[in-house]
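1. Generate coordinates for the sequence data below:
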Amino acid sequence: MSTPFFTPDPEAAATSRIAEFARYVGVNDTDYAALHQWSVTHLEGFWGAVWEYFAIDSDTPYQQVLADETMPGAQWFPGATLNYAHHALRNVRDDNTAIVALDETGSGYEVTGGRLRDLVASVTATLRDLGVGKGDRVVGYLPNTPHAIVAFLAAASLGAVWSVCGQDYAPKAAADRFAQLEPTVLIAADGYLFNGTTHDRRDAVLDLAHALPTLKATLLVDHVGLPWPSRAYPSLVVPWEDASTRTEELACVPVPFDHPLWVVFSSGTTGLPKGIVHGHGGVLLEHLKTLGLHSDLGPDDRLLWYTTTHWMMWNLVVSTLLTGATTCTYDGSPAPFAKPDVLWELAARHRVTVFGTSPQYLLGMAKFGIDPAVHDLSSIRVVGCTGSALPASAYPWVRDHVGERVLLVSISGGTDIVSGFAGSAPNTPVWAGELSAPHLGVALAAYDAEGLPVTDQVGELVVTRPMPSMPLYFWNDPDGIRYRDAYFSSYPGSWRHGDWITLTSHGSVIVHGRSDSTLNRNGVRLGSADIHDVVERLPEVAEALVIGAEEPDGGYWMPLFVVPAPGVTLDDALRDKIRDAVRTGASPRHVPDEILEVPGVPHTRTGKKLEVPVKRLLQGAPVEEVVNPATVDNPELIDHYARLGAERREGWTTA
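-> Have a look, this model is predicted:
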């Protein structure tokens, strides 16, 4: 067994909420593996205990915890009626800060618990007057500000269904999502901040409203101070100031456990984005488990996690309120030119205890020599990281530049479950480059090509027993065919997520990348993340993308595309250095066939590299069949890779 990079302080582990929960259910509070094993072999006992431990308020009692374990279609807590918004607001204290609103200039304001309740009550009454009721859809075209949280909680309190996306989405891309839902109300802001620029989205809001013919009203939010001109909106217009300043009492509508809470969308890189529907009860329990137990959040904590409203991390960040902790919203670039360390500065100033980000952010901080330690980060006890696999090289950097006793938590999960499959906890050790363990209640396995579970071998990420936050269904998928095909067609009765992982003999999880973009050289499966990790450690490389493309003649081409760091040119010496690094840091099999310079790597708007679309472009698939440019952070790059593919197929070679 390898030596852990980090071992939790025994006293801190013993006083954590997850240790208290272990004692509550009669399991050894120092043995996470035993608690996890109990949680997946006694699903009803575990989730029933989560319900009791967090004192869920149910207007009508549940008949049993799990009535049907069949996947898909598991039935959780039948008979129970409750409301997510009620639980999000019940623990916020009137005079304490519930939300801290921040932006890239460093300015901000606070919203107390009492003020938050008043705002939600007012907007709820406004929505009700506009005819919004149980099951209706309310959509937000909003940046990550308190307005989005208030709007969501108001919709949820009525039993309406919420969906949101950021304003960097073009109106058509937003309409591709929202029009599927046939929404009743649109809530939109005048603009947002990013990298020193105020982006005016007033015309975009008007275009989006015209693309949603079912709207009864549009609520206009003043966020960046741009006046709303008189325009011909297709429905009633209500200023946010009017909607949010009424004096009202809030009464949340009880709904069944599996009543839809929100619709989150897939990236939509090909075709229309899939609308993934989650329920009030499943999200409530899953997020209390993830935030209350794994993240150890409570009333004295503050969480700042960089996200946009269209990434599932926004949904998890809102759920900070469920624990009574303070959540921080942030409008802006994670590393603006004028102040690239602004997030660390804000974390220090506002005494943040849980700081969340992405691997690219941490690697960028290290590569460009930014030292967070110039700020007082003594309040931070957890640095969370998700979006892709966190390479081992980031672990010592966080220890040396953020804090020696900071728990660095790499998390693997997804929009599909709006939570994590694996991560860490206050009572788990941490191995660099690995996730400490599967999350509680997650029956995680790695399946080989024969569909058999393996340890210490690469396999498909599979969940063999249901989770409450698995989707209720896909929107506009009445027979459930698309839903079943997405997760259950490979291993009937078990969820296949589409990631390659290794479950190690010491209980940790290693994520190798998406299985649909797996490199398969001479029959040996290689994870793209293993190559990206090695190459992106080099100071000369800003970012890298490796692709394995099957060719018509039966050949296999595995190029590595490299974005050099500023001022660096990809020459033969750097190519040799990259090959040596891959050979020694991964294996000789991982060494690419060619190393090519590119102007950039395309990502989804939530930061995931577009490995499969680039592969298909290189193989000659038409752009319109491969990717919707509106869903890409830099659409011009799509044409670049399409040209590379065409040149390759015409016999193009490079040194």
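2. chain center to the longest helix seen in the chain, what's the gap?
-> For the chain, the helix with the greatest residue count under DSSP state H is helix 113-129. Centroid separation for helix 113-129 versus its chain: 27 Å, with Cα atoms, centre = their mean, to the nearest Å.
3. How about stretch 171-185?
-> Counting by Cα atoms, centre = their mean, stretch 171-185 is centred 21 Å from the centre of its parent chain.
4. and if you look at stretch 92-111?
-> 22 Å.
5. and if you look at stretch 581-600?
-> Stretch 581-600 sits 28 Å away from the centroid of its parent chain (Cα atoms, centre = their mean).
6. Quick one: the strands in the stretch 51-200 of the chain, in order.
-> 66-68, 75-76, 81-82, 97-103, 108-112, 137-141, 161-165, 185-189, 191-194, 197-200 (DSSP state E, counting those that start in this stretch).
7. Then the stretch 351-500 of the chain?
-> Under DSSP E, counting those that start in this stretch, the stretch 351-500 of the chain gives strands at 354-357, 382-385, 407-410, 412-414, 419-423, 437-438, 444-447, 458-463, 473-474, 495-503.
8. which element is the closest residue to residue 28 other than its chain neighbours on?
-> Distances taken as Cβ to Cβ, 6 or more residues apart in numbering place residue 34 nearest to residue 28, at 5.4 Å, with adjacent residues excluded. No exception for glycine: its C-beta is placed from N, CA and C like everyone else's. Using DSSP states H and E, residue 34 falls within helix 32-41.
9. With residue 283 instead?
-> Element membership for residue 283 (DSSP H and E) is helix 280-287.
10. Surely residue 228 touches residue 220?
-> Yes: applying Cβ atoms under 8 Å as the test, residue 228 and residue 220 come out as touching, 5.3 Å apart.
11. Looking at those two, which is more packed in?
-> Applying other Cβ atoms under 10 Å to residue 228 and residue 220 shows that residue 220 carries more neighbours, namely 23 against 16.
12. Assign a three-state SS to the more buried one, would you?
-> strand (DSSP: H, G, I helix; E, B strand; the rest coil).
13. Now do stretch 539-557: distance to the chain's middle.
-> 27 Å.
14. Run through the stretch 451-600 of the chain and note the low-pLDDT ranges.
-> Regions of the stretch 451-600 of the chain meeting the criterion pLDDT under 70 cover residues 516-518, 520-526, 552-554.
15. In contact with residue 414: list those residues for me.
-> 312, 421, 497 (Cβ atoms under 8 Å, 6 or more residues apart in numbering).
16. Which one of the residues you listed is nearest to residue 264?
-> residue 312 (5.7 Å; Cβ to Cβ).
17. confidence score at that closest one?
-> Note for residue 312: predicted pLDDT of 92.
18. close enough to count as contact, it and residue 411?
-> No: using Cβ under 8 Å, residue 312 is not in contact with residue 411; the gap is 11.3 Å.
19. Might you list the low-confidence residue ranges for the protein?
-> 1, 268-271, 516-518, 520-526, 552-554, 651-655.
20. To what extent is the closest residue to residue 424 other than its chain neighbours buried, counted in neighbours?
-> Spatially, and ignoring its direct neighbours in sequence, residue 424 is nearest to residue 436 (3.9 Å; Cβ to Cβ, 6+ apart). By the criterion of other Cβ under 10 Å, residue 436 has 26 neighbours.
21. How about residue 33?
-> 13.
22. ok, now which ones touch the closest residue to it other than its chain neighbours?
-> With Cβ to Cβ, 6+ apart as the criterion, residue 33 has its nearest non-adjacent residue at 5.5 Å, and that residue is residue 507. Each residue near residue 507 by Cβ under 8 Å, 6+ apart is listed here: 33, 436, 437.
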